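Visitor: just to be clear, the model below is a prediction. Sequence and coordinates:
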Amino acid sequence: MLRGKHILLGITGSIAAYKAAMLCRLLKTAGAEVKVVMTPTAKEFITPLTMATLSKNPIAVEFYNPENGDWHSHISMGEWADCFVIAPATANTIAKMAHGIADNLLLTTYLSARCRTIVAPAMDCDMFAHVTTQQNIATLKEHGVVIVDSPAGELASGLLGKGRMAEPEQIVGIIEHVVSEKKKRDLDGRRLIVTAGATIEAIDPVRFISNHSTGKMGYAIAEALAQRGAKVTLVSGRTALAAPTDVERIDVVSAEDMYRAVVERFDDVDGAIMCAAVADYTPKEVSALKIKKGDDDLRIELRRTKDIAAELGRTKGNRLLAGFALESHDGEAHARRKLHDKNFDFIVLNSLQDEGAGFGVDTNKVTFIDADGKESLPLMTKREVADRIADRVEKFFAKR
Ligand code: CTP
């Protein structure tokens, strides 16, 4: 399974670095080509000579060779690899990976690699259990990194607990699984709009009405659809997020802006997923000047905004239209009404009462509702929910 595969092995400064030698040998025996990138500290634990001999390739540690200026390109190593395995991965490297810090060759390679990355943590049990490390591991998982579970056992410090690096044989099994995974391209050629984030309705040049949406769910959907081959236009209200790779992002401010941006593009696409938190009301008049405070109460008259989803529902024909319902009570009944009123093909219901669901968090607990019934999913990351939505989108087109 690994014959001819390009495996980039990253080694960081942990006592478990000795196991990387065995891992390299197993990979070579399985017929893989192995290149090794080490952090400067990793050299204290295992020598480049050992790893170069086992991998039959020179080892990359620094950005360039000071003797002759020979440049080690992190980009070409990332492009070469079918899989990047960081084993052992220290708490320090995991933290830097989670936050995009790129102060050594291994980290720059991680940031530029397009292949899947596997991380086998190795550290003391207290470091492993620390909330920061656990958060960083969760972040990496959310970024699509495969984390090799750390078994409990005796650690180099003499302590007992979780934090040991998994055994090389187990890591090889995971590498085999990852490199044999077929990248799903089941939405190739589909054109889709995703709306995301919060709209902003100006009261005056200083104040506005908005909501708590951070855009995380919609951005995860755009990313999932694009990774499966769809051409995605992300019409985005306010968010602090960066656009996912290969997604066209159109920034809008108000509900009216979003309405125009979506409606004018809808003719050219195969469907839309409406995830934005669109203001239902906007100030009737926007003051050109800052409203000064007086002694009396202030009343701002609001008027209804246009319902973008409902408008698309009227004109969609055989195109896909999916929406969201965020409810605090009687969720299913409200969602069913929205499914019908807006002519959605399916609606994704999330409840404000569910822990781990809703604004700002990285997880969600959703129920799909369509004309055939409902399917409730357990709590999962928003990225995982996005994949399940992409599955539904694919099923819709397969049936059509
Ligand atoms: N939506 C939209 N345009 C609007 C309002 C909502 O496209 N002007 C979309 C949302 O993106 C979401 C769905 O419609 O997919 C939400 O339905 P909606 O009934 O508007 O939800 P709420 O605004 O929360 O309505 P309510 O206050 O009645 O719960």
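Guide: Now that the structure is in, tell me what you want to look at.
Visitor: any idea how far Asp188 is from Asp246?
Guide: 12 Å (C-beta to C-beta, to the nearest Å). In this view, the C-beta of every residue, glycine as well, is placed from N, C-alpha and C.
Visitor: more neighbours: which of those two?
Guide: Asp246 (14 against 10; other C-beta atoms under 10 Å).
Visitor: what is the neighbour count of the residue lying closest to the more buried one once chain neighbours are set aside?
Guide: Distances taken as C-beta to C-beta, 6 or more residues apart in numbering place Ala226 nearest to Asp246, at 4.7 Å, with adjacent residues excluded. Residues lying near Ala226 (other C-beta under 10 Å) number 22.
Visitor: in the stretch 51-200 of the chain, what residue is nearest the ligand?
Guide: With C-beta to the nearest ligand atom as the measure, Thr195 is the residue of the stretch 51-200 of the chain nearest to the ligand, at 5.7 Å.
Visitor: actually the chain, not the one I wrote
Guide: Closest point on the chain to the ligand, by C-beta to the nearest ligand atom, is Gly323, at 3.0 Å.
Visitor: what sits against that residue?
Guide: 273-275, 309, 338-339, 342, 344, 347-348 (C-beta atoms under 8 Å, 6 or more residues apart in numbering).
Visitor: which two from these end up farthest apart in space?
Guide: Comparing all pairs in the contacts of Gly323 by C-beta to C-beta, the longest separation belongs to Cys275 and Leu339, at 15.2 Å.
Visitor: these two: who's more crowded?
Guide: Taking other C-beta under 10 Å, Cys275 and Leu339 do not tie; Cys275 has more neighbours (27 against 21).
Visitor: and that one, what does it touch?
Guide: Cys275 touches 194-196, 217-218, 221, 323-324, counting by C-beta under 8 Å, 6+ apart.
Visitor: in strands, which of those residues fall?
Guide: Mapping the contacts of Cys275 onto strands (DSSP state E) picks out 194-196, 323-324.
Visitor: who wins for neighbours among those residues?
Guide: Neighbour counts for the ones in strands among the contacts of Cys275, by other C-beta under 10 Å, peak at Val194, which reaches 33 neighbours.
Visitor: how about it, what does it touch?
Guide: 218, 221-222, 225, 232-235, 272-273, 275.
Visitor: flag every residue of the stretch 151-300 of the chain that's near the ligand.
Guide: Contact residues (C-beta under 6 Å from any ligand atom) of the stretch 151-300 of the chain with the ligand: 195, 255, 274-276, 278, 280.
Visitor: just the buried residues from those residues, in PyMOL please.
Guide: Listed next is the PyMOL selection for buried residues among those, using 16 or more other C-beta atoms under 10 Å:
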select buried, resi 195+255+274+275+276+278
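Visitor: can you list the residues of the stretch 151-300 of the chain next to the ligand in JSON lines and add secondary structure and pLDDT?
Guide: Compiled in JSON lines, these are given as follows (DSSP: H, G, I helix; E, B strand; the rest coil; pLDDT from 0 to 100):
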{"residue": "Thr195", "secondary structure": "strand", "pLDDT": "98"}
{"residue": "Ala255", "secondary structure": "helix", "pLDDT": "98"}
{"residue": "Met274", "secondary structure": "strand", "pLDDT": "98"}
{"residue": "Cys275", "secondary structure": "coil", "pLDDT": "98"}
{"residue": "Ala276", "secondary structure": "coil", "pLDDT": "98"}
{"residue": "Val278", "secondary structure": "coil", "pLDDT": "98"}
{"residue": "Asp280", "secondary structure": "coil", "pLDDT": "97"}
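Visitor: just the residues of the stretch 151-300 of the chain next to the ligand now: which is nearest Thr39?
Guide: Nearest to Thr39 among these, with distances taken as C-beta to C-beta, is Cys275, at 39.3 Å.
Visitor: just the strands from the stretch 251-400 of the chain, written as ranges.
Guide: Applying DSSP state E, counting those that start in this stretch to the stretch 251-400 of the chain gives strands spanning 271-274, 281-283, 302-304, 320-327, 346-351, 363-364, 366-370, 373-376, 380-381.
Visitor: Glu79 is nearest to which of those?
Guide: The nearest among the strands of the stretch 251-400 of the chain, by C-beta to C-beta, is strand 380-381 at 27.7 Å.
Visitor: touching that closest one from outside, list them.
Guide: With C-beta under 8 Å, 6+ apart as the criterion, strand 380-381 contacts 141-142, 362-365, 388.
Visitor: same thing with stretch 279-290?
Guide: Taking C-beta under 8 Å, 6+ apart as the rule, stretch 279-290 contacts 198-206, 209-211, 254-256, 300-305.
Visitor: gap between it and the chain center?
Guide: Counting by C-alpha atoms, centre = their mean, to the nearest Å, stretch 279-290 is centred 35 Å from the centre of its parent chain.
Visitor: domains in this structure, by residue range?
Guide: Per the record, the chain has its domains at 6-180, 191-398, by automatic domain parsing.
Visitor: helices and strands around the lowest-mean-pLDDT helix or strand in the chain, which ones?
Guide: Within the chain, no helix or strand scores below strand 152-154, which has a mean of 79 by mean pLDDT, DSSP states H and E. For strand 152-154, the packing partners by 3 or more C-beta pairs under 8 Å, 6 or more residues apart in numbering; DSSP states H and E come out as strand 160-162.
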